[in-house]
Every structure is written in C-alpha cells, then in structure tokens.
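Asks: Here is my input; please provide its structure:
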Amino acid sequence: MKVKIQIDIRKLIERNDLKTLKLLLQDQEPGTIFEMIEELEASEKIVVFRLLPKDLAAQVFSELEPDEQLEIIRLLKSDPVLREIVKNMEPDDRAELLDELPAPLVTMLLEMLTPEEREETLQILNYPENSAGRVMSPRFIYLEENMTADEALRKIRKFGKKAETIYTLYVVDNSRKLLGFVDLEDIIYAEPHVLIKEIANYNPVFVYTTDDQEEVAQIMRRYDLLVIPVIDKTGTLVGVITIDDVVDIIDEEATEDIQKMAGLNVTYTSYFHTPVLTFFGKRIPWLAILLLLESLSSFVVAHFQNLISMVPILAAFMTLMVGAAGNTGSQISALVIRGMALGEIKTKDFSKVLIRELFQGILLGVALGIILLMRGLLITSDLSVNIAATIALFVVILYANILGVILPFMGKILKIDPAVMAGPVITTVVDVTGMLIYFSIARAIIGI
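Replies: Predicted coordinates for the structure are as follows:
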C-alpha cells in the first residue's frame, strides 16, 4: 500500500496536480506522511513540504535521515519554506539537526531564527551529548502554587499550543525552583477558587540536565511516567522530557548495544542511509583487533603440537570445545548486559550474580559434558580421549560462564560500555584460553 501511495504522489507531482496532492496529504499524521514520502527523491519531498502546514512540515522533516535533511537544506537554501520548517521544529529536534550539519549551514540556519529561538537552541547544544539536557524541550507550562485553578486554566489556554505537553504541569516557586506537579484533570475538576498548592503533589520525580539519557529512560520506565521534569544543579526547572523522546532514546540505546555486542563501532543512521565506506570504517577496527587476538590460538596449537601429533584425534574436539564455550560466554554476557541496561543488575550485585552463575556453569558443564561423552564414543573408541574431552568441556564451560559475568562488570567499573565485552570479544577470548585449558587437561589425563 505504501509503495502504491508513493507512486501516486510521484505521478501527481509529474502531472503538477498539486491540488489533489494537497487533498491526499490533508489530515494525515506526521508518521503517515513520512512513510508516504520515504522513498521519494529530495526534490519531490520538497514539493510535499511546500504543500504541508508549516508545523506539520517541521514534524515530518524531523523524521528524515540526516543525509536527506542535509540534501533538502542545500536544495532550499534561502527559500522561505526552509525558514518556516526550521522555525517550527521542536527545539531539541532543531538542536539535533544543527549538531549534524557543517558549520556554514549551521550559521545560515541560526540566522533564520529569532534571537529567542536561537538562544533556546544554543542552550540545548551546550549540554553534554546523550544527556537529558540534549533531549529535553524548554517549551513547558509551569504554575505557581498560589495560583487558583481558574488562573491556571487561563494560562494553559494562553500558552498550551506551544507547550510540549499540558497533561502534567509543574509547580515552581518565585525563582522557578521545582516544587511539585499537578495533573490537568485535577485542575479541570477543581473548584475555580482552589489554590494549586492544595491539589499539587509535592514529591516529583525529576532528572538533572547532565544525567545520561539512558538513565532518564530507565527512570520513566520504572515510574510509568509520560513526562519528567529536568532541573539544573540549582534546582531550577529548565525543561521536560516526554515519552516520545524516551521511545527514541530506547531505540537509539538498543541499536548502540546491539552494534557494540557485535563488535561494531556505533552508527546511528539506518542501513541504506549509511555509506559503504562508513560501515567499513566502523567494522574494520574491531575485526582487525579480534583477528590479532584470535591468532594467539596458533601459539597454543604450536605449543601442543607434539601432543596433537601423538594423539591426532584430539584435533577433532577443538572447534567443538571452543564453539560451545564461546556460545556459553556470549549467552551469559548478553543476560548480564541486558540486566544492567534495564537497571536490574547493579555493580554491587557482582558477588550475587557470580555465585548464581557459578552454580549455573556447573549444571551446564555437567549436562554438556554428558552429551559430549556420548557423542565422543561415536568419534573415537579411545576412552581416555573421551574422558579428557568431557572433563575439559566441563571446565571450559564453567570458565566461560564465569568470564561472561566478570567482563561486563569489569567494563562497568572501568567506565567502558559493558556491551563492548559481549559477542565477538568474549568469544575470541574464550577461544584462545579455552584451547589452552583443553590441551592442558588432555595432556594431564592421557599422560603424555
């Protein structure tokens, strides 16, 4: 259906039937319009933007990939349409756009803004990357506690259209220090003369401008919030973060973790909007490091070459051994990292997790060892080799499970993203050390 609509839009543009196109776009949600124009050329997207109301055009423009936004900006340049789009973007979306653009274009766009809008945008850009300050909106309604419900409603009617949300209003003192919050429905149902302080909740959940955006998402998830206030170090209310921002944060953080767990430097643009050379640059560093690390296994094999030459069948268990250990390590590291990401596992829980996984490792080692012993009898009738492989697998599985716990915690303590310690990294480490354990145990049991 989406493809058909895109084809229809292209035909309407080609026929210059802009009246029909405008009717087609009328009353559509921003997300629907984005899907309708997603595959169009930049020049065709510009035609659509000219037909959309300025606030709707700004919302759709915010959904585009950075490379598409850059192309459209270059095509429009001083066009009034571009000015209206930039002016009507949400401050956090506008700041994100400027953060991605070359300096000359940033200067050009800033000149299109009023001094107030420019200050609003630059203030957001001054906060650290991936912080609450970067994703908050400075457009919110605050109420003073001595206001009446009727006065509060008048203020909401006056400023509500420009605010990020009106369903939760924040209560402040004379210096705009955060005191509490009140829901819109409580104001509506209250008698007109009732003071805000009589219906306000004075235990607000809040975040600081410098808090990490992932922390913000966890707090909103924990307390089931649709909006959260952002304060600076003095306690002054400076912005709000809404649930739609948090959905974007969760998507971004999940993408980041998945890519890091796969041994890939992070890229935030979608697959088809990321140049091949960019992907190459993101992938090659880790692949090169892991290749060099994996090459250490050749030294292990060389060290035990006499053992392998005397009992060649030992080589049949090598890949099986390191494969099972790598899978085990990857499994537990993924569980631990996921627990950390959701706030279920803290640094202080290290000993508890280690004890649990020590027991889990023993169970897995015994179960997989029995399976290997039965399978090994079909590979060789040499009982000593089968026993050596079984015991080695038990030890390697136990070791891999414990290592899969230790590495993410180590990353957390060293301020390295725990996701880096998963996937190819732990698999490679287990491959090298697992073979050393395997051949050492085999040599001791076989007696060579």
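
Asks: what's the burial count for the residue nearest to residue 380 when sequence neighbours are not counted?
Replies: For residue 380, ignoring the flanking residues on the chain, the nearest one in space by Cβ to Cβ, 6 or more residues apart in numbering is residue 313 at 4.8 Å. Where you see a C-beta, it was placed from the backbone N, CA and C, and this is true even at glycine. Residue 313 is surrounded by 15 other residues when neighbours are defined as other Cβ atoms under 10 Å.

Asks: Residue 313 in helix, strand or coil?
Replies: Using DSSP: H, G, I helix; E, B strand; the rest coil, the secondary structure recorded for residue 313 is helix.

Asks: Retrieve the pLDDT associated with it.
Replies: Per-residue pLDDT puts residue 313 at 89.

Asks: was I right about it contacting residue 386?
Replies: No. Here residue 313 does not reach residue 386: they are 9.6 Å apart, not a contact under Cβ atoms under 8 Å.

Asks: which neighbours do the two share?
Replies: When contacts are counted by Cβ atoms under 8 Å, 6 or more residues apart in numbering, residue 313 and residue 386 are jointly contacted by residue 380.

Asks: about what we covered before: who's in contact with the residue nearest to residue 380?
Replies: Residues near residue 313 by Cβ under 8 Å, 6+ apart: 379, 380, 382, 385.

Asks: List buried residues within those residues.
Replies: In the contacts of residue 313, burial by neighbour count holds for 380, 382, 385, counting by 16 or more other Cβ atoms under 10 Å.

Asks: Test my guess that residue 402 contacts residue 360.
Replies: No. Using Cβ under 8 Å, residue 402 makes no contact with residue 360, being 9.8 Å away.

Asks: Compare neighbour counts for these two and give me the winner.
Replies: More crowded of residue 402 and residue 360, by other Cβ under 10 Å: residue 360, with 20 against 17.

Asks: Centroid-nearest residue for the chain?
Replies: residue 253 (1.0 Å; Cα atoms, centre = their mean).

Asks: Look at that residue and give its secondary structure.
Replies: Under three-state DSSP, residue 253 falls in the helix class.

Asks: cool, and residue 350?
Replies: At residue 350 the chain is in helix, as set by three-state DSSP.

Asks: what does the one 3 residues further on give?
Replies: What three-state DSSP gives for residue 353 is helix.

Asks: State the distance from it to residue 335.
Replies: Noted for residue 353: a distance of 9 Å to residue 335, by Cβ to Cβ, to the nearest Å.

Asks: just residue 54 next, same as before
Replies: Counting by Cβ to Cβ, the gap from residue 54 to residue 335 is 48 Å.

Asks: cool, residue 348 as well?
Replies: Spatial separation of residue 348 from residue 335 under the definition Cβ to Cβ is 18 Å.

Asks: So if I had to pick from the two, which one is more boxed in?
Replies: Neighbours were tallied for residue 348 and for residue 335 using other Cβ under 10 Å; the higher tally belongs to residue 335 (18 against 7).

Asks: element containing that one, please.
Replies: The secondary structure element spanning residue 335 is helix 318-341 (assigned by DSSP states H and E).

Asks: now that helix, how far from the chain's geometric center?
Replies: Averaged C-alpha coordinates place helix 318-341 at 22 Å from its chain's average position (Cα atoms, centre = their mean, to the nearest Å).

Asks: Could you chop this structure up by domain?
Replies: Structural domains assigned to the chain are 2-126, 142-249, 295-446, following automatic domain parsing.

Asks: for the first one, what is the average pLDDT?
Replies: Put plainly, it is domain 2-126. For domain 2-126, the per-residue pLDDT values average out at 88.

Asks: Stretch 327-344: which residues count as buried?
Replies: Taking 16+ other Cβ under 10 Å as the criterion, stretch 327-344 shows 328-341 as buried.
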